[in-house]
Each structure stands twice: as structure tokens, then as C-alpha cells.
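Colleague: One predicted model, sequence on top.
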Amino acid sequence: MAMIFESPPHIRMDCYNSSGNVASKTPLAMSQWIHVVHTFKEGESKLYVNGVLDGENNGGLPLNVRTPARMYIGGWYGNYQFVGDIDEVRVAKVTRSADWVRMTYENQKPMQPLVGPLVLPGADFAASAKEITVSEGKSATATAKAGDAQKIYWILKKGGVESIAAVDKPGFTIDAGRVSGDQPMTLIFKAVYPNSVKNLEIPVTVKEEIPDPVFTLKAPATWDGRSILEVVPQISNLKDMQAKNVGGLKYDWKVSGLAVIKEMQPGKLIPRRAQNSGTMTVTASIGNGGNHLIDGQSNALATDTAEKAPAGTSDWIRSYGGPAGDSKGDPQNLWCNPVWKIENGEKAQLGWWGMDLARRLVERQKIPLFIVNGAGGGTRIDQHQRNEANPDDLNTIYGRMLLRVKQARLPHGIRGILCHQGESYTQLTDVEQERNGLYFYDTRKPKFDVARLHAITSRQAAYERDNPMITKSTAPLPKPVWKVLVGAVQDGDRSAPYAYATEQPAANWSEESFDDRAWKTGRAPCGHGPQNVRTDWTTPDICLRKKFEYDGTTLKHGAVVISYDEDTEIYVNGKKILSLCGYITNYQLTSVTDALKKALKNGSNTLAVHTHQAVGGQYSDLARLVEN
């Protein structure tokens with residue numbers, strides 16, 4: 001039996017050869033924990049999702065679970081396609097009740113109210129601080145005592161809205177993010193007692209440490225619509241911002257009231273020409289946001305190429321050079337216009353796609369851009385982690401990138417961090433040593449006739465132009481009329497006995513000429529455990545042989561109907577016609593037409609089967625079918 005997570009998001013139980021099959025009805029939420037329980041007793045198969053019955057199947061056959069049985073989590077037999085987390089898998093011999101399922105779900109919820117902390121003696125009810133002040137970007141921890149309390153909560157109250165932050169924890173850490181102006185909030189410590197509830201409120205203030213720009217726009221009151229005009233922000237607290245290492249300001253401009261031809265340059269707006277007369281309003285928004293970092297491995301670095309880097313760069317694209325040795329003592333001014341790759345002593349390089357990204361952002365957003373590429377080719381993921389004891393460690397990739405950002409005075413203004421893994425073998429454009437793209441690395445010119453490729457890939461296929469042939473016929477498709485050459489247990493008397501051996505036979509055991517008269521004989525299924533086994537088999541391997549007749553008529557189709565546990569090989573006249581891995585718990589039909597045509601002959605033929613069992617149950621039975 002298998003519990004399967006399928007798309008659209010739902011759970012399906014596949015209980016082979018029984019009435020246990022059942023699926024959930026309610027769509028499941030992604031990116032969060034889901035509690036799933038399947039219960040079965042004869043005539044009742046139930047599926048619970050988050051404590052609630054969500055699927056049911058009544059009646060039919062009982063489960064047929066072999067013992068001992070194997071368990072696989074996340075997939076089976078090397079096919080592990082589940083992407084996510086699975087935790088606390090349990091299997092029970094009893095059918096759990098709906099109340100038991102509900103209780104276990106309530107106990108698993110992130111903010112579960114079912115179980116409380118260890119009740120501590122005493123009557124203390126106090127917190128470590130009466131009030132808390134924390135700077136933005138920093139953290140502060142509060143602890144509390146609540147003797148004899150059965151349940152404790154930490155609650156954050158912001159703007160009149162309360163949210164549970166932690167449950168049954170003796171302390172809570174406030175991580176202050178970026179704020180605009182000082183932001184007040186309240187941390188509430190709540191304790192639940194047998195006969196009462198107590199609250200303790202701790203005022204919290206997150207202090208603004210990084211000032212937002214305060215500015216006015218300087219421009220004349222009138223303009224003739226033709227002469228040179230510049231609108232420049234006057235930032236009154238620029239020194240305060242610089243003292244907090246704020247730099248790389250982003251300017252967003254908006255002009256309304258008139259149709260104007262304008263030019264936006266770093267730090268100013270230049271209206272070139274007005275298209276009509278009237279009142280023109282200029283609005284500016286200033287922040288430090290057009291700043292990005294690139295990290296990763298060789299494909300993030302994207303400089304290890306034979307092509308010559310183009311000389312062009314942009315005054316709107318800025319970067320900061322990397323440290324040389326111990327750069328903390330007397331840092332140099334390494335502000336620069338970066339290049340694709342350093343070839344003539346330039347201070348900073350962005351790599352091929354980093355430079356192209358910067359160019360595209362400037363063109364689309366019309367803002368100056370700061371970007372640093374700190375990637376390292378041939379590095380492991382762990383080499384990109386910071387040294388927690390010393391984040392500024394220049395022996396680390398993180399520390400070297402952090403120094404560049406700090407010296408550029410931009411530690412608070414990073415809008416995005418882009419991380420690119422190493423090798424990729426499915427790409428549109430050549431990258432570094434991988435030249436398997438449709439486009440060249442440097443010029444971005446196609447290697448092939450793009451128009452011709454587009455015509456090939458976008459044209460209608462034959463089945464799109466014309467309906468499939470089958471839909472034009474009103475006659476039903478003829479069903480194959482199978483002839484049983486070798487029978488399985490369901491075929492009654494046509495399931496003739498095999499000669500079999502459970503010890504390693506001679507190398508030519510599958511050949512027609514092999515003498516199997518010394519082997520034992522028995523009827524399939526061979527195995528141990530299932531009720532319909534007719535020949536008991538308990539060793540790791542079994543080899544089976546039998547003769548069968550074929551009249552030599554032309555073969556249209558050939559198939560094997562088989563149930564096996566585990567790995568099985570099938571031979572006809574010494575030629576292997578089928579190899580199977582793993583196990584199945586029912587009988588499945590597999591086409592062997594081509595292989596059987598090559599092996600089968602008129603008259604007497606020899607069938608040979610080898611099944612290997614490693615763990616758990618064991619079973620082998622098959623039928624051979626042909627259509628003439």
C-alpha cells in the first residue's frame with residue numbers, strides 16, 4: 001500500500017488488490033505542514049487530513065499486506081520524486097478512532113493548545129524587563145517566570161492587532177527589522193492557571209537608526225519650456241545618513257500636468273522640452289534601493305571564457321572593488337564602473353550575465369544601479385556561509401563581500417541577492433566551458449538559423465491538422481485474441497509444473513540443452529507468505545524451467561503476465577526476453593513482442609525464469625500469451 005501526494009494537491013491511498021483505495025477531497029495548501037492519517041478495517045477505508053475525515057471508501061476486499069513488509073519514505077526502488085519534508089511516520093496494528101486522529105493533529109499544530117509546559121513550582125509571575133528598546137536591525141530577548149502555570153504564551157501587539165509569537169517557551173526574542181521612525185509595540189506574556197489567566201505587558205520600542213531622507217526639490221518657479229532646467233533634491237539630513245553608512249540613493253521621478261520630454265540622470269531630473277503650457281508638477285521619491293549582490297559558483301562568476309570582454313560600461317552602473325590583503329586598516333576608494341571581466345587592471349567585474357542584468361535594470365527602471373559580484377568558481381555551498389564568530393573574516397567569501405558593501409556605505413540598502421549554482425546542462429546560451437546553447441556566449445548571436453528553428457517548432461503537427469485516424473471510424477477497435485502458451489495460476493490446468501532449483505545451477509541452466517531431470521518439480525506460484533502459493537520457496541533464489549509448444553504461425557503480439565517479488569529474469573530458449581526489478585503485488589501485462597519473435601521457434605521451446613529475493617515476502621508466477 002502507498003500514500004501518494006498528487007497534483008492538484010491531494011492525498012491518494014493506493015492499496016493494491018483491496019478496497020482500501022481512497023483519496024482526499026479538499027485541496028491541500030502548499031508550503032505548510034499537513035497531518036495525514038489513513039485507517040482501515042474490513043469494509044471501511046478512511047483518510048483524515050488535519051484531523052478531519054476527508055475521504056472514505058466502504059465495502060470490498062480486505063487489505064493483503066505481507067509480513068514482514070518493507071517500508072519506503074519519499075518514494076520506492078530508486079524512484080524518489082517527492083519534494084518536501086516528511087516527519088514522524090507511524091504504523092499501527094490497530095485501527096485508530098476519529099477522536100484519536102483529532103487529538104494527534106491538535107497535538108502537532110504549531111501553536112497547539114493540547115499540552116502545556118512542565119508545571120513549575122512557586123508563585124512567581126514576572127518578566128526580565130519592564131520595557132524594551134531595540135535598534136532596527138538588532139534583536140532583544142525577554143524571559144519570564146510563571147510558577148504553577150499550565151500554559152504560557154508570548155503575544156505581539158502591533159497597531160492594535162495581536163498575534164501569537166510563541167507557546168510554552170520561557171523566553172522570546174524580538175528581531176527588529178527596518179522601520180521608518182520609531183515604532184512602538186507591546187509584548188504580552190500570558191499565563192494560564194487552573195482558575196485564572198494572567199497577563200504581563202512589556203512596552204517595546206524599535207528605534208530608527210537609519211534615517212530616511214528628508215528633502216525638498218530645488219527648481220525655478222517658472223520655465224519657458226525650452227531653456228535648460230535642472231530639478232535637484234536638497235537632502236537636509238544627508239550627513240546623518242552618511243554617518244549611518246547609507247549611500248547609493250535611488251531616485252524615482254514623476255512629472256504630471258504637462259507633456260514633457262525629460263532626461264533622468266543620477267541625482268537629478270532634466271526636463272528638455274514642454275509640449276504644452278500650464279502648471280507642471282515634479283514629484284521625487286528617494287530611497288537606497290537599486291543595489292544588488294551576486295553570489296554563487298562558476299556560472300554566477302561567468303568570467304572564465306575565451307571571448308574578449310566588450311570595452312563598454314555605463315556611468316549608471318556602479319560597483320566597488322574587492323579587498324586586497326587586510327583592507328581594514330587604510331581602505332582605498334574602490335568605487336568604479338564595473339566591466340564584464342577584468343583584463344586591464346579594472347577594479348571590479350560583474351561577469352557576463354551580471355553585466356547584462358545591470359544593463360537591463362538600468363534601461364527598464366531608469367535608475368542608477370550598484371551591483372557587486374562576489375561569486376567564486378569551484379566552491380562548495382558551505383564556503384559561502386559566514387563565520388558566525390567573525391562575520392568580517394576576510395578569509396571567507398561572505399566576509400570579503402561584506403567588506404565591499406560596508407566600504408561602499410550600503411549595508412542597509414540591498415534590494416536583492418542573486419545566487420547562481422554551478423553547472424547547468426540545459427541552457428539557451430553558452431556558459432563558460434559548456435558550449436551546448438543555441439546562442440554564443442559573448443555576442444548573443446544565434447548559432448543556427450533562428451527563423452528556420454521557429455518555423456519547425458511552431459508549425460502544426462499532423463495530428464493537430466487532422467483528427468486521429470481512429471476517430472474517423474465508427475467501428476470498435478478489435479481486441480487482441482490471446483493464446484496461452486504458458487499458464488499462470490489463474491489458467492488452471494494450463495499452469496503446468498516447473499522443474500525448479502533453489503541452489504546455484506550451472507551457467508547454461510537457461511539453455512534448451514540443459515538437463516533438469518535432477519531438479520525438483522512443483523507448480524507456480526512459488527513463494528512464501530501469500531495464501532495461493534503452491535510451491536514453498538524460502539531461499540534467496542529460485543530457477544524455474546518448463547517446456548511448451550508453439551505451432552509456428554506468424555506472431556503479431558507477445559506478452560508476459562507476471563507477478564513477482566523480487567528481481568526477475570525471463571528466458572526463452574536461452575535468450576533473455578524480459579528483466580524486471582523490484583516487486584509488484586498483482587499481475588501485470590508486459591509486451592515482449594520483439595524479443596519473443598527472435599527467441600520463439602516452431603515446435604518445442606524452453607521457458608526459464610530466475611527470481612531473486614532480498615528482503616520481505618517472495619513470489620514468482622507468470623503466463624505467456626501470444627496473438628497470431
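Modeller: Okay, I see it.
Colleague: Residue nearest the middle of this structure, spatially speaking?
Modeller: Val83 (5.7 Å; Cα atoms, centre = their mean).
Colleague: gap between Asp87 and Arg12?
Modeller: Asp87 sits 20 Å away from Arg12, going by Cβ to Cβ, to the nearest Å. Where C-beta positions appear, they are placed from N, C-alpha and C, glycine not excepted.
Colleague: These two: who's more crowded?
Modeller: More crowded of Asp87 and Arg12, by other Cβ atoms under 10 Å: Arg12, with 15 against 6.
Colleague: residue contacts, Glu511?
Modeller: Contacts for Glu511 (Cβ atoms under 8 Å, 6 or more residues apart in numbering) come out as 573-574, 606.
Colleague: got it, and Arg364?
Modeller: Per Cβ under 8 Å, 6+ apart, neighbours of Arg364: none.
Colleague: distance between the helix or strand harbouring it and the chain's centre?
Modeller: Here Arg364 is covered by helix 352-365, with elements defined by DSSP states H and E. Distance of helix 352-365 from its chain centroid, counting by Cα atoms, centre = their mean, to the nearest Å, is 27 Å.
Colleague: what comes up buried for that helix?
Modeller: 352-355, 357-359, 361-362 (16 or more other Cβ atoms under 10 Å).
Colleague: Need those residues in TSV (columns: pLDDT and distance to Arg494).
Modeller: What follows is those, written out as TSV (pLDDT from 0 to 100; distance: Cβ to Cβ, whole Å):
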residue	pLDDT	distance to Arg494
Trp352	83	69
Trp353	83	66
Gly354	88	71
Met355	88	74
Leu357	87	70
Ala358	88	75
Arg359	86	75
Leu361	83	74
Val362	82	78
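Colleague: which pair in those residues spans the largest distance?
Modeller: Trp352 and Val362 (16.4 Å; Cβ to Cβ).
Colleague: what's the distance between the residue nearest to the centre of the chain and Phe5?
Modeller: Taken as Cβ to Cβ, the span from Val83 to Phe5 is 9 Å.
Colleague: and Asp240, that's in a helix?
Modeller: Yes - residue state for Asp240 (DSSP: H, G, I helix; E, B strand; the rest coil) corresponds to a helix.
Colleague: from memory it sits against Pro211, does it?
Modeller: Yes - with contact defined as Cβ atoms under 8 Å, Asp240 counts as touching Pro211 (5.1 Å).
Colleague: Next secondary structure after the helix holding Arg364?
Modeller: strand 369-373.
Colleague: Name every strand pairing with that next one and say which way it goes.
Modeller: strand 291-296 (parallel), strand 317-320 (parallel) (DSSP bridges).
Colleague: need the helices for the chain, in chain order.
Modeller: Counting by DSSP state H, the chain has helices at residues 98-108, 238-243, 298-301, 352-365, 397-407, 450-458, 462-465, 593-599.
Colleague: tell me how far the ends of stretch 225-239 are from each other?
Modeller: End-to-end distance of stretch 225-239 (Cα to Cα, to the nearest Å): 34 Å.
Colleague: just stretch 445-454 next, same as before
Modeller: 15 Å.
Colleague: repeat for stretch 144-156
Modeller: 15 Å.
Colleague: residues of it that come out buried?
Modeller: For stretch 144-156, by 16+ other Cβ under 10 Å, it's 144-146, 149, 151-156.
Colleague: now do stretch 200-213
Modeller: Buried residues in stretch 200-213 (16+ other Cβ under 10 Å): 200, 202, 204, 206, 209-210, 212-213.
Colleague: re the thing from before, select, out of the helices of the chain, the one closest to Asn57.
Modeller: Of all these, helix 98-108 comes closest under Cβ to Cβ, at 15.7 Å.
Colleague: Contacts for that closest one next, please.
Modeller: 33, 35, 37, 39, 46, 48, 50-53, 88, 112-115.
Colleague: Off-centre distance for it?
Modeller: On Cα atoms, centre = their mean, the centre of helix 98-108 falls 29 Å from that of its chain.
Colleague: do stretch 125-141 as well
Modeller: Distance, centroid of stretch 125-141 to centroid of chain: 37 Å (Cα atoms, centre = their mean).
Colleague: again, but for stretch 89-106
Modeller: Per Cα atoms, centre = their mean, the centroid offset for stretch 89-106 relative to its chain is 29 Å.
Colleague: same thing with stretch 199-214?
Modeller: 37 Å.
Colleague: can you check stretch 516-530 too?
Modeller: Distance, centroid of stretch 516-530 to centroid of chain: 47 Å (Cα atoms, centre = their mean).
Colleague: Kindly reformat the contacts of Glu511 as TSV and extend each row with pLDDT, distance to Gln183 and neighbour count.
Modeller: Below are those laid out as TSV (pLDDT from 0 to 100; distance: Cβ to Cβ, whole Å; neighbours: other Cβ atoms under 10 Å):
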residue	pLDDT	distance to Gln183	neighbour count
Asn573	95	84	18
Gly574	94	82	15
Thr606	96	85	19
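Colleague: Mind checking which of those land in strands?
Modeller: Among these, the ones falling in strands (DSSP state E) are Thr606.
Colleague: pLDDT score for the residue located most distally from the centre of the chain?
Modeller: Distance to the chain centre peaks in the chain at Asp224, reaching 58.6 Å (criterion: Cα atoms, centre = their mean). pLDDT recorded at Asp224 is 91.
Colleague: Would you list the phi and psi of it?
Modeller: Dihedral pair for Asp224: phi -80, psi 0, per degrees, to the nearest 10.
Colleague: From Met264, how far out is it?
Modeller: 21 Å.
Colleague: What of Pro117?
Modeller: For Pro117 relative to Met264 (Cβ to Cβ), the value is 58 Å.
Colleague: And Ile381, by the same measure?
Modeller: 40 Å.
Colleague: ok, now Tyr439?
Modeller: From Tyr439 to Met264 the distance is 31 Å (Cβ to Cβ).
Colleague: One more: Glu106?
Modeller: Taken as Cβ to Cβ, the span from Glu106 to Met264 is 57 Å.
Colleague: now do Leu120
Modeller: The value you get for Leu120 to Met264, if Cβ to Cβ is used, is 63 Å.
Colleague: Who has more neighbours out of the two?
Modeller: Met264 (15 against 12).
Colleague: I'd say Ala358 and Asn373 touch.
Modeller: No - applying Cβ under 8 Å as the test, Ala358 and Asn373 come out as separate, 9.7 Å apart.
Colleague: list the residues that contact both of these two?
Modeller: With Cβ under 8 Å, 6+ apart, Ala358 and Asn373 have common neighbours 338, 350.
Colleague: Could you count how many residues lie near Thr173?
Modeller: 13.
Colleague: I misspoke; the intended subject was Pro338.
Modeller: 26.
Colleague: Nearest spatial neighbour of it, chain-adjacent residues omitted?
Modeller: Ser319 (3.8 Å; Cβ to Cβ, 6 or more residues apart in numbering).
Colleague: try Val533
Modeller: Gly527 (4.6 Å).
Colleague: swap in Tyr193?
Modeller: Per Cβ to Cβ, 6+ apart, closest to Tyr193 is Ala149, 5.8 Å.
Colleague: Need the phi and psi values for the one you found.
Modeller: Torsion angles, degrees, to the nearest 10, at Ala149: phi -80, psi 140.
Colleague: What are the neighbouring residues in contact with Phe448?
Modeller: Contacts of Phe448 (Cβ under 8 Å, 6+ apart): Leu438.
Colleague: distance of it from Thr457?
Modeller: Counting by Cβ to Cβ - Phe448 and Thr457 are separated by 12 Å.
Colleague: same thing with Glu388?
Modeller: 50 Å.
Colleague: Ok, Gly374 next?
Modeller: Taken as Cβ to Cβ, the span from Gly374 to Thr457 is 38 Å.
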